[in-house]
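Trainee: Predicted model and sequence below, questions to follow.
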Amino acid sequence: MHVPQIPAEAPERAVTGSLSPSRAADFKTCPLLYRFRSVDRLPEAPSSAAVRGTVVHAVLERMFDLPRAQRTPSTARDMVEPAWEQIAEAEPELRALFDADHDGTAQATWLASARDLVSTYFELEDPRGFDPTGRELLVETVLDDGLLLRGYVDRLDTAPDGQVRVVDYKTGASPREAFEGKALFQMKFYALVLWRTTGTIPAQLKLMYLSDRDELRYCPDQHELERLERQLAALWAAIEKSLAAREFRPNPSKLCNWCDHKALCPAYGGTPPPFPDEHALSFTINRRTENPTAD
């Protein structure tokens, strides 16, 4: 893994809470979903689409370990099955996705779809022409109020003139224009963290949608990052208020049909688990070691 030098912050600030782009989006979407994932830490069943995304991300990360001339579509496609086997070896429960696949057809089709996504990447850019400065990079900063912002950036590129580009791979479909702001939230979050840690605002944020051969590019500015910082502080204040009251209200929507915790939701006749005790709660909201998955 190639990691750029991101300076540590000084002085060290006391952490009063922690947010990743995914957890921030959870609370904005449904406060109860935030509770289930971040406070109760309830397990969720992996989906074949999500695991396929993990495999594709692994291939695109490791491809840059190869010499430039070897970064070809055929080589990357050949990396898909080994990447899946390595991920499944680390998390054997993922093989349950294909328990009913007695003849191997479903897994073969799934692997082929992952290879197709990898091939699409090469239609969007040529990786033989550059070397990233960071891949699967943890970025984090502590704001003045003690809120820890952290997440994993798929890729950082640095131009010869020093300008930085943040790249994120998406294996789902690109959003309609009305939802582009929601899609860019994660990238602006990363831009804010990088600005606060390096003093430099990324020149470009790029989302690469592999399933439909599309890209979304955006150039952030200081004023909107300052506005985002205030919004995240207000969001954390709302989370703290919910934690103090032990009340996270559901926000029913069409997304509920894909929620692993629907059976526990009061909006659908369910009952959430008992709220964690104070010690567990304190650990939950102040942890620095959480891997913010899905970011």
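Mentor: Nice, thanks for sending it over. Numbers count the residues shown, from 1 in each chain.
Trainee: Show me the strands in this structure, by range?
Mentor: Counting by DSSP state E, the chain has these strands, from start to end: 17-19, 134-142, 147-158, 164-170, 204-209, 214-218.
Trainee: The fifth one: how far from the chain's middle?
Mentor: On the basis of Cα atoms, centre = their mean, to the nearest Å, the separation between the geometric centre of strand 204-209 and that of its chain is 13 Å.
Trainee: what do you get for the second one?
Mentor: Centroid separation between strand 134-142 and its chain, computed with Cα atoms, centre = their mean, is 11 Å.
Trainee: need the contact list for Ser47.
Mentor: Ser47 makes contact with no residue, according to Cβ atoms under 8 Å, 6 or more residues apart in numbering. Placement of C-beta: from N, CA and C, glycine included.
Trainee: hang on, the earlier thing: mean neighbour count and mean pLDDT added to the strands of the chain, as a markdown table?
Mentor: A markdown table is the format used below for the strands of the chain (neighbours: other Cβ atoms under 10 Å; pLDDT from 0 to 100):
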| stretch | mean neighbour count | mean pLDDT |
| --- | --- | --- |
| strand 17-19 | 23 | 92 |
| strand 134-142 | 20 | 95 |
| strand 147-158 | 22 | 96 |
| strand 164-170 | 22 | 97 |
| strand 204-209 | 20 | 96 |
| strand 214-218 | 15 | 94 |
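Trainee: Not counting sequence-adjacent ones, nearest residue to Leu207?
Mentor: If you skip the residues right next to it in sequence, Leu207 has Leu216 as its closest partner in space, 4.2 Å away by Cβ to Cβ, 6 or more residues apart in numbering.
Trainee: Repeat that for Asp168.
Mentor: Asp168's closest residue in space is Asp154 (Cβ to Cβ, 6+ apart), at 4.8 Å.
Trainee: among the helices and strands of the chain, which has the poorest mean pLDDT?
Mentor: Of all the helices and strands that make up the chain, the one with the lowest confidence by mean pLDDT, DSSP states H and E is helix 278-286; it has a mean of 59.
Trainee: Sweet, I'm off.
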